[in-house]
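A.B. asks: Everything below, folded, please.
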Amino acid sequence: MKTMIQQRLSKRPRQSVESGNPCDKIDQLLSFLVLAEHDPKISRAHITLYVALWKKWCSLDSSAPLTFYRREIETLSKINSTNTFHRILRQLHEFGYLRYEPSFNPALGNIIYLKMNV
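C.D. replies: Numbers count the residues shown, from 1 in each chain. Down below sits the predicted model:
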């Protein structure tokens, strides 16, 4: 039995997020949530961090990769531990939900590519 989200996603034609349509960005988040619901490796911390990254990416109104600083995403995701933040981010990368390119230069920020149609 399909959930309402799965039904909605299956009815919509797939478009790339680069088209700039706000619904495509919502579909990106909904696709992640549907997959996370059935993935036993994903915890609420993973979901919270992904949603925080997605919100930041949408606020920039850009299809380009997201450049961010750990502090701002930690605050947005309510993750208070730097170790937990890095562990969850690394796991999202390993599980294939995003591509993470760390920057070891504090002035540059880290880069995230949200995977389209996860």
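
A.B. asks: give me the element the residue sitting nearest the centre point of the chain is part of.
C.D. replies: The residue lying closest to the centre of the chain (Cα atoms, centre = their mean) is residue 50, at 3.6 Å. Taking DSSP states H and E as the definition, residue 50 sits inside helix 44-59.

A.B. asks: I would like the residues contacting that helix, please.
C.D. replies: The contact list for helix 44-59 (Cβ atoms under 8 Å, 6 or more residues apart in numbering) reads 22, 25, 28-29, 32-33, 36, 66, 68, 72-73, 76-79, 84-85, 88-89, 91-92, 97-98, 112, 114. Where you see a C-beta, it was placed from the backbone N, CA and C, and this is true even at glycine.

A.B. asks: Can you flag which of the residues you listed belong to helices?
C.D. replies: Using DSSP state H, the members of those that fall within helices are 22, 25, 28-29, 32-33, 36, 72-73, 76-77, 84-85, 88-89, 91-92.

A.B. asks: Just the buried ones among those, please.
C.D. replies: Buried by 16 or more other Cβ atoms under 10 Å: 25, 28-29, 32-33, 36, 73, 76-77, 85, 88-89, 91-92, out of the ones in helices among the contacts of helix 44-59.
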